[in-house]
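K.L.:
can't give you the sequence, but here's the structure:
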């Protein structure tokens, strides 16, 4: 899938053709000269692990034709070259631009150079800084004396960074004494690492624990979790309540009650400061969950009470702190690879038969959900465009969290004729001996992706017909014989399909020797 063009800057069929398969214009080469007014955007100061969409504009092509599709960017951080990144080239008139998706993986002063193209002087240096992190600790709010209890620590790079934290975490008690030091294991989420250990309370009472992350390098900043409280009893209780470590007024959260043993059957009711906030929720495989939107701020007591089918009952509570209403609404970044981010409420065009997978991130770190009304189809973050015309209405939603409120963005997608392509057999432009017969279309050659037959001709201008001749063998192929020394231009075309597919055109230049 090549770069798609917003409705406000549609470049016409020529630009789409130039950005598609090399089969469309295989003969030409791209020579790009420096431009005094070349400019760069998107190359900015930022943390490790955050993808930057960098666009170099006003690259000036020379030679009159665009034939290469990619420009190569070579990033350098602290004088050390990083992995190179290819960016597609698009053209408007005599001006071209290249767009790159680059994710810095180390810190320091960063710059870049271009190869396979030119047009930009020194883009200047930016600073790649360590990524901030958030540490959380999670444990059951009840534990049995003498029995091991699992405590999990998670370290998350702050959104939208995908850097996987490395280093160690220290679990401490309320007095600051270290109970356990653990190394981190990557995963399971993006930009996330975890560690856990089995802690055994020796006496009854309340235990307060807290986790501190110590980075292994300067790529990330350290962080400390909120305190977690565990109540140790002789019985250990039969129900535990788990709530997110940070909650915000007006932002939905999931409360989870876990019962032992898992075979327990019955229902659970959740409470806030002793008042019910849920109906009776069935216990499934020892778990009952409830989505709740806090409507208060401050320190509150959450509770979970169960009743079994056999008449048993029990309850537990957990004191948590809910922050005031979100400081801001969540923000979604929806990026089309090869093109760049889509603007909220923007209008875009997609060609028939195309499909691609978005990259998506949020300030809150929540997952993005796509939905659509119209002829297009979405699955996860992938959109599929059918053949035909119409308008697709795409929505990207985030449930918010971590201090951000939920948000939904809308995008209007106009369907346009798709790019018609074909896998022709014709060799690339070049020099061939007189008498050589070149296969332009093999006997088993299929039509274009729009089902159109390709028609071949030799361009009259320049006397090409006296140097080359088209042949049509009985086996159904199309060939070209080099008759004499000199150049001929061979053009293959297929008609457009009204409202569905653009016209197909491919060019070869052959010279007899």
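P.N.:
Received, thanks. In this text the structure is predicted, and so the values were computed from the model without any measurement.

K.L.:
going by C-alpha atoms from here, please, whenever you check contacts or count neighbours.
P.N.:
Fine.

K.L.:
burial count for residue 222?
P.N.:
Close neighbours of residue 222, defined as other CA atoms under 10 Å, add up to 21.

K.L.:
and it, what does it touch?
P.N.:
Residues in contact with residue 222 (CA atoms under 8 Å, 6 or more residues apart in numbering) are 132, 133, 212, 213, 214, 215.

K.L.:
nearest to residue 268, of those residues?
P.N.:
Nearest to residue 268 among these is residue 212, at 33.7 Å by CA to CA.

K.L.:
elements contacting the helix or strand hosting the closest one?
P.N.:
Per DSSP states H and E, residue 212 falls inside strand 205-215. With contacts taken as 3 or more CA pairs under 8 Å, 6 or more residues apart in numbering; DSSP states H and E, strand 205-215 sits against strand 133-138, strand 167-173, strand 223-224, strand 228-233.

K.L.:
so what touches that strand?
P.N.:
By CA under 8 Å, 6+ apart, strand 205-215 touches 135-137, 153, 155, 165-174, 221-233.

K.L.:
how about it: buried residues?
P.N.:
By neighbour count with 16 or more other CA atoms under 10 Å, strand 205-215 contains the buried residues 207, 209, 210, 211, 212, 213, 214, 215.

K.L.:
gap between the residue nearest to the second one when sequence neighbours are not counted and residue 112?
P.N.:
Meaning residue 209. Closest residue to residue 209 apart from its sequence neighbours, by CA to CA, 6 or more residues apart in numbering: residue 173 at 4.6 Å. For residue 173, the distance to residue 112 equals 48 Å [CA to CA, to the nearest Å].

K.L.:
ditto for residue 258
P.N.:
Applying CA to CA to residue 258 and residue 112 gives a distance of 53 Å.

K.L.:
just residue 338 next, same as before
P.N.:
In terms of CA to CA, residue 338 sits 19 Å off from residue 112.

K.L.:
repeat for residue 216
P.N.:
As judged by CA to CA, residue 216 and residue 112 stand 27 Å apart.

K.L.:
what residue is smack in the middle of this structure?
P.N.:
Nearest residue to the geometric centre of the chain (CA atoms, centre = their mean): residue 359, 1.9 Å.

K.L.:
surely that one and residue 339 touch.
P.N.:
No - the pair residue 359 / residue 339 is not scored as a contact, 11.3 Å apart, by CA atoms under 8 Å.

K.L.:
need the nearest residue in space to residue 302, chain neighbours excluded.
P.N.:
The shortest distance from residue 302 to any non-neighbouring residue, by CA to CA, 6+ apart, is to residue 272 (4.8 Å).

K.L.:
for residue 115, which non-adjacent residue is closest in space?
P.N.:
Closest residue in space to residue 115, ignoring its immediate chain neighbours: residue 72 at 5.1 Å, by CA to CA, 6+ apart.

K.L.:
between residue 258 and residue 112, which one's more packed in?
P.N.:
Comparing residue 258 with residue 112 by other CA under 10 Å, the one with more neighbours is residue 258, at 22 against 18.

K.L.:
what sits opposite that one in the beta ladder?
P.N.:
Going by DSSP bridges, residue 258 is paired in beta bridges with residue 240, residue 287.

K.L.:
contact partners for it?
P.N.:
Residue 258 sits next to 239, 240, 241, 286, 287, 288 when contact means CA under 8 Å, 6+ apart.

K.L.:
before we move on, what about residue 402?
P.N.:
Contacts for residue 402 were tallied using CA under 8 Å, 6+ apart; they are 246, 247, 248, 364, 365.

K.L.:
so residue 382 makes contact with residue 357?
P.N.:
Yes - between residue 382 and residue 357 there is a contact at 4.1 Å, judged by CA under 8 Å.

K.L.:
the residue nearest to residue 209 and residue 137, how far apart?
P.N.:
Per CA to CA, residue 173 is found 12 Å from residue 137.

K.L.:
which one's more surrounded, the two?
P.N.:
Using other CA under 10 Å, the more surrounded residue of residue 173 and residue 137 is residue 137, with 24 against 16.

K.L.:
tell me how far the closest residue in space to that one that isn't next to it in sequence lies from residue 132.
P.N.:
In this structure, residue 137 finds its nearest non-sequential neighbour in residue 153, 4.5 Å apart by CA to CA, 6+ apart. Distance, residue 153 to residue 132, by CA to CA: 17 Å.

K.L.:
tell me which of the two has more neighbours.
P.N.:
A direct count of neighbours by other CA under 10 Å for residue 153 and residue 132 places residue 153 higher, at 24 against 19.

K.L.:
residue contacts, residue 49?
P.N.:
Counted by CA under 8 Å, 6+ apart, residue 49 has contacts 103, 104, 105, 131, 161, 162, 163.

K.L.:
of the residues you listed - the most surrounded one?
P.N.:
Within the contacts of residue 49, neighbour counts (other CA under 10 Å) peak at residue 163, which reaches 28 neighbours.

K.L.:
got the domain ranges for the chain?
P.N.:
1-129, 130-237, 430-512 (automatic domain parsing).

K.L.:
out of those domains, which is closest to residue 403?
P.N.:
Proximity to residue 403 (CA to CA) singles out domain 130-237 among the domains of the chain, at 12.6 Å.
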